[in-house]
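Asks: Dropping a prediction and its sequence here:
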Amino acid sequence: MPVFLPNGKLVSVSPDTTIRLWDTSTEKQCRVLGRHTSPAVSAVFSPNGKLVASTSWDNTVRLWDTSTGKQCGVLEGHASDVNSAVFSPDGKLVASASWDKTVRLWDTSTEKECGVLEGHTEMVLSAVFSPNGKLVASRSVDRTVRLWDTSTGKECGVLEGHACSVNSAVFSPDGKLVASAYADKTVRLWDTSTGKQCGVLEGHASDVNSAVFSPGGKLVASASSDNTVRLWDTSTGKQCGVLQGHTSYVYSAVFSPDGGLVASASRDTTVRLWDTTKKTTIETHGPIRVIKFSNDGTHLHTSRGILQLKSSLHAGSNQELTHTLTHSLYVTGHWITCNMKKLLWLPADYRLTCSAVNDTGNLIAIGSACGRVIFISIDFTALPAAYLQPSVNAAPIESKSFLGY
């Protein structure tokens with residue numbers, strides 16, 4: 001999906017091989033950053049927004065200067081398609097994951113390869129840096145997660161022991177643990193200093209699609225094809241909550257920045273918000289695979305659009321959570337909706353392959369089937385009042401409060 005920066009810039013990739021930068025304030029393309037020689041797969045901004053790293057089936061990672069639009073590096077060395085790339089927290093390194101079974105490290109200042117992380121026996125799906133940038137965790141089709149020292153390029157841990165695929169791997173906020181989610185119905189915790197397994201979180205009845213740490217690192221939330229999200233205490237490995245209500249697979253779950261809420265995204269076409277004593281259901285009318293809270297916790301980025309939230313949390317674990325949507329633009333089926341009410345019908349050539357909404361929630365970018373990125377801006381003040389009423393249903397659930405973790 002397209003990726004926004006807080007300053008309103010957006011980067012998009014396309015099978016037509018191009019990387020394009022857009023200015024959402026003017027709704028115009030700033031420039032075509034350039035082309036790969038095969039379809040572009042992904043693009044990501046550096047932490048400071050000055051660079052874009054794009055990946056492609058042409059076996060390269062390319063770096064682009066967002067201020068000039070010029071290509072400032074071609075990172076060559078992979079022998080097959082590059083699936084993904086990620087910047088280190090300080091922006092000095094890029095890690096790229098490839099079909100050639102390697103992860104490669106690149107110095108962004110010199111555009112030189114500074115490490116080849118070899119050891120996987122099958123395609124590498126993704127790589128992620130630890131919060132301090134000293135480690136990389138890579139996830140592969142070979143059913144392992146491997147830890148690497150970024151200063152030496154040496155393997156410092158093989159997290160293995162499963163007979164099934166690894167669906168996700170993530171560092172804890174302090175970098176001391178990795179949580180990996182598996183198709184064997186478990187989440188496993190690993191000590192990054194020893195590479196040893198230090199916990200098996202068992203209780204799901206089907207594949208675990210993803211796992212994520214709370215901001216304080218005391219909880220893990222796991223999302224599963226058994227239609228539940230489960231909460232786990234990382235110090236004891238014990239299950240401390242089951243968030244039930246979805247009627248189909250749960251693809252992902254995330255904590256709010258303060259750790260007080262969990263948002264879950266499901267194939268059942270809903271996003272659900274939990275403070276674990278109350279849940280709020282947002283009907284999305286289409287499956288949601290990717291979900292993320294904004295840094296200030298006021299809205300949710302999803303794979304279909306942005307869901308803006310107003311929240312009121314009252315002191316005390318027994319107090320009720322209230323959430324409403326406000327002026328929420330979203331793409332569902334053949335329609336752009338406002339607060340889940342049909343607003344604008346999309347002709348066939350304009351129907352999305354991907355979409356994103358800016359942080360102020362009034363501009364939607366649609367990657368369309370006709371090969372264009374289309375910007376549609378909405379003036380909420382001109383809409384009938386009926387469009388501005390939220391469409392959220394709340395219902396209590398039986399559970400314990402985890403506020404304060």
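Replies: Now that the structure is in, tell me what you want to look at.
Asks: and stretch 39-55, how far apart are its ends?
Replies: 9 Å (Cα to Cα, to the nearest Å).
Asks: Name the residues of it that come out as buried.
Replies: Residues of stretch 39-55 classed as buried by neighbour count (16 or more other Cβ atoms under 10 Å): 40-46, 51-55. C-beta: built from backbone N, CA, C; applies to glycine.
Asks: Redo those residues as JSON lines? Include pLDDT and secondary structure.
Replies: JSON lines is the format used below for the buried residues of stretch 39-55 (pLDDT from 0 to 100; DSSP: H, G, I helix; E, B strand; the rest coil):
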{"residue": "Ala40", "pLDDT": "75", "secondary structure": "strand"}
{"residue": "Val41", "pLDDT": "78", "secondary structure": "strand"}
{"residue": "Ser42", "pLDDT": "81", "secondary structure": "strand"}
{"residue": "Ala43", "pLDDT": "81", "secondary structure": "strand"}
{"residue": "Val44", "pLDDT": "82", "secondary structure": "strand"}
{"residue": "Phe45", "pLDDT": "82", "secondary structure": "strand"}
{"residue": "Ser46", "pLDDT": "88", "secondary structure": "coil"}
{"residue": "Leu51", "pLDDT": "88", "secondary structure": "strand"}
{"residue": "Val52", "pLDDT": "87", "secondary structure": "strand"}
{"residue": "Ala53", "pLDDT": "89", "secondary structure": "strand"}
{"residue": "Ser54", "pLDDT": "87", "secondary structure": "strand"}
{"residue": "Thr55", "pLDDT": "86", "secondary structure": "strand"}
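Asks: closest to Asp81 among the residues you listed?
Replies: Val41 (7.3 Å; Cβ to Cβ).
Asks: Leaving out sequence neighbours, find the closest residue to that closest one.
Replies: Thr55 (4.8 Å; Cβ to Cβ, 6 or more residues apart in numbering).
Asks: Any idea what the one you found is bridged to?
Replies: Here Thr55 shows beta-bridge partners Ser42, Val61, assigned using DSSP bridges.
Asks: residue contacts, it?
Replies: 40-43, 61, 82-85, 96 (Cβ atoms under 8 Å, 6 or more residues apart in numbering).
Asks: closest to Thr68 among the residues you listed?
Replies: For the contacts of Thr55, the nearest to Thr68 is Ala43 (16.7 Å; Cβ to Cβ).
Asks: measure the closest residue to that closest one other than its chain neighbours to Phe45 for me?
Replies: In this structure, Ala43 finds its nearest non-sequential neighbour in Ser54, 4.3 Å apart by Cβ to Cβ, 6+ apart. Ser54 is 11 Å from Phe45, where distance means Cβ to Cβ, to the nearest Å.
Asks: what's the answer for Val242, then?
Replies: 37 Å.
Asks: what about His36, neighbour count?
Replies: His36 is flanked by 24 other residues according to other Cβ atoms under 10 Å.
Asks: One more: Pro347?
Replies: Residues near Pro347, counting by other Cβ under 10 Å: 9.
Asks: cool, Leu261 as well?
Replies: So Leu261, with other Cβ under 10 Å, has 23 neighbours.
Asks: Distance to Ser377 added to the contacts of Thr55, as a markdown table?
Replies: Listed next are the contacts of Thr55 as a markdown table, based on distance: Cβ to Cβ, whole Å:
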| residue | distance to Ser377 |
| --- | --- |
| Ala40 | 26 |
| Val41 | 29 |
| Ser42 | 27 |
| Ala43 | 23 |
| Val61 | 33 |
| Val82 | 34 |
| Asn83 | 34 |
| Ser84 | 31 |
| Ala85 | 31 |
| Ser96 | 35 |
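Asks: can you list the domain ranges for the protein.
Replies: For the chain, the structural domains run 1-160, 169-326+390-405, going by automatic domain parsing.
Asks: hey, least reliable of the ones you listed by pLDDT?
Replies: Of all the domains of the chain, mean pLDDT reaches its minimum on domain 169-326+390-405 (a mean of 74).
Asks: just to revisit the earlier point, out of the buried residues of stretch 39-55, which one sits closest to Gly69?
Replies: The nearest one, if we look at the buried residues of stretch 39-55 relative to Gly69 and count by Cβ to Cβ, is Val52, at 9.9 Å.
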